[in-house]
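Undergrad: predicted coordinates and the sequence they were generated for:
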Amino acid sequence: MDYLDFDIDIERSGAAYRATFNSPAGQVTQDFVVPFTDQDLEIALLRFGRPQRGTRRIENAETEYARTFGSRLFAAVFDGEARACLRSSLDEAQRQNAGV
């Protein structure tokens with residue numbers, strides 16, 4: 001399968017961050033605020049870095065925590081024009097029978 005590039009460059013911009021998206025749908029630049037406190041990030045690093053001994057279930061508390069964490073981050077980064085850019089890029093990839 002062929003793939004189209006969807007590049008994201010994230011850099012600090014004052015108290016927030018600036019994400020620049022270069023995609024099949026064009027370029028978008030958007031500022032966002034990380035939706036976590038320093039304590040949230042510390043807890044996440046501790047939870048994600050913990051080895052899972054003897055756990056074979058696909059769904060567990062750590063998986064759900066990671067899913068929630070990722071969803072919050074995605075919602076912050078891919079808001080407004082950035083989300084529209086992603087959707088348009090996915091549509092373009094589908095038209096070209098490609099992935100992103």
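TA: That came through fine.
Undergrad: for Ala15, grab the count of nearby residues.
TA: 8 (other Cβ atoms under 10 Å). Quick note: C-beta positions are derived from backbone N, CA and C, even for glycine.
Undergrad: contacts only, for the nearest residue to it once chain neighbours are set aside.
TA: Spatial nearest neighbour of Ala15, excluding adjacent residues (Cβ to Cβ, 6 or more residues apart in numbering): Val33 at 7.5 Å. Val33 is in contact with 15-17, 76, counting by Cβ atoms under 8 Å, 6 or more residues apart in numbering.
Undergrad: which of those lies closest to Ala25?
TA: Ala76 (20.1 Å; Cβ to Cβ).
Undergrad: hmm, back to that, looking at the contacts of Val33, which are in strands?
TA: 16-17 (DSSP state E).
Undergrad: now the contacts of Val33 as JSON lines including pLDDT and distance to Thr68?
TA: JSON lines is the format used below for these (pLDDT from 0 to 100; distance: Cβ to Cβ, whole Å):
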{"residue": "Ala15", "pLDDT": "89", "distance to Thr68": "24"}
{"residue": "Ala16", "pLDDT": "94", "distance to Thr68": "22"}
{"residue": "Tyr17", "pLDDT": "97", "distance to Thr68": "20"}
{"residue": "Ala76", "pLDDT": "97", "distance to Thr68": "13"}
